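>>> Sequence and predicted structure, then a few things I'm wondering about:
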Amino acid sequence: RKEVEQDPGPFNVPEGATVAFNCTYSNSASQSFFWYRQDCRKEPKLLMSVYSSGNEDGRFTAQLNRASQYISLLIRDSKLSDSATYLCVVNKGGSYIPTFGRGTSLIVHP
Amino acid sequence: GAVVSQHPSRVICKSGTSVKIECRSLDFQATTMFWYRQFPKKSLMLMATSNEGSKATYEQGVEKDKFLINHASLTLSTLTVTSAHPEDSSFYICSAEVPGQGRGYTFGSGTRLTVV
């Protein structure tokens, strides 16, 4: 089992749709979780950290399920500008080395 | 804040030559820097972890003599691709942890290396 797994997609959704991605991780000792956004040929940029209690930032909601070892990202009211690859990042146990999932591609169309 | 500056952004070199990529943390001290490589439509693959003042830790399968990492100061880490070959052509990117709990990691803007 890979350390961090994501469905590569692409998820093809119309504007205004709600879309959710999951990311599973194998190391139960993982402590830090993040969602990043990466546009084509650009560096990843932090979208949001994922806390145990879940967190919300505008149209974006992130959840952590430790029991099932996955994190999720929910995007409401999708915009064309949301089209990108969404990477989940998990730290490697207690050593704070980030491990990336392969990313989930989102395409929002008019 | 927490910016990492990476240079060059793009480089084309001939086979057999060496290329140095620099990453500087501009407004914070980065005792640890992560170096990644990303092939088209693939995930970021950790190559090595550089630690200021000590030897880098390389991931399995990454040749330390080919990818030389130097982290001589708290604000500068360099990756040198030695004797580059076309298969080394890739997107190389560095990252450092942002000080402060839960703030994640900040990335350099990446270097697109093409070896001809």
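It's in.
>>> Tell me, please, the helix or strand in chain B that averages the lowest pLDDT.
strand B:105-107 (a mean of 88; mean pLDDT, DSSP states H and E).
>>> So which elements touch it?
Packing contacts for strand B:105-107, counted by 3 or more C-beta pairs under 8 Å, 6 or more residues apart in numbering or on different chains; DSSP states H and E, involve strand A:45-49, strand B:90-97. To be clear about C-beta, it is placed using only N, CA and C from the backbone, and glycine gets the same treatment.
>>> Using TSV, lay out those together with mean neighbour count.
What follows is the helices and strands packed on strand B:105-107, written out as TSV (neighbours: other C-beta atoms under 10 Å in any protein chain shown):
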stretch	mean neighbour count
strand A:45-49	18
strand B:90-97	24
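>>> What residues does residue B:77 make contact with?
By C-beta atoms under 8 Å, 6 or more residues apart in numbering or on different chains, residue B:77 lies in contact with B:22-23, B:30, B:33, B:35, B:50, B:52, B:69-71, B:94.
>>> In stretch B:98-110, which residues are buried?
By neighbour count, with 16 or more other C-beta atoms under 10 Å in any protein chain shown as the criterion, the buried positions of stretch B:98-110 are B:98, B:104-108, B:110.
>>> From the chain's centroid, how far away is that stretch?
What separates the centre of stretch B:98-110 from the centre of its chain is 14 Å, taken as C-alpha atoms, centre = their mean, to the nearest Å.
>>> buried set for whichever strand or helix holds residue A:90?
Following DSSP states H and E, one finds residue A:90 within strand A:84-91. Under the neighbour-count criterion of 16+ other C-beta under 10 Å, strand A:84-91 has A:84-91 buried.
>>> residue of chain A with the smallest distance to chain B?
Nearest to chain B, among the residues of chain A, is residue A:102, at 3.5 Å (C-beta to the nearest C-beta).
>>> List the contacts of that residue.
Residue A:102 makes contacts with A:5-6, A:8, A:87, B:42-43, as judged by C-beta under 8 Å, 6+ apart.
>>> hmm, 7 Å instead?
Under the criterion of C-beta atoms under 7 Å, 6 or more residues apart in numbering or on different chains, the neighbours of residue A:102 are A:6, A:8, B:42-43.
>>> picking that back up, and chain A, which of the contacts of residue B:77 reach it?
Among the contacts of residue B:77, no residue lies close to chain A (C-beta under 7 Å from any C-beta of the partner chain).
>>> ok, those vs residue A:26, which is closest?
Distance to residue A:26 across the contacts of residue B:77 (C-beta to C-beta) is lowest for residue B:35, with 22.9 Å.
>>> The closest one pairs with what?
According to DSSP bridges, the residues that bridge with residue B:35 are residue B:48, residue B:94.
>>> how deep is it tucked in, by neighbour count?
When counting by other C-beta atoms under 10 Å in any protein chain shown, one arrives at 26 neighbours for residue B:35.
>>> All good on my end, thank you.
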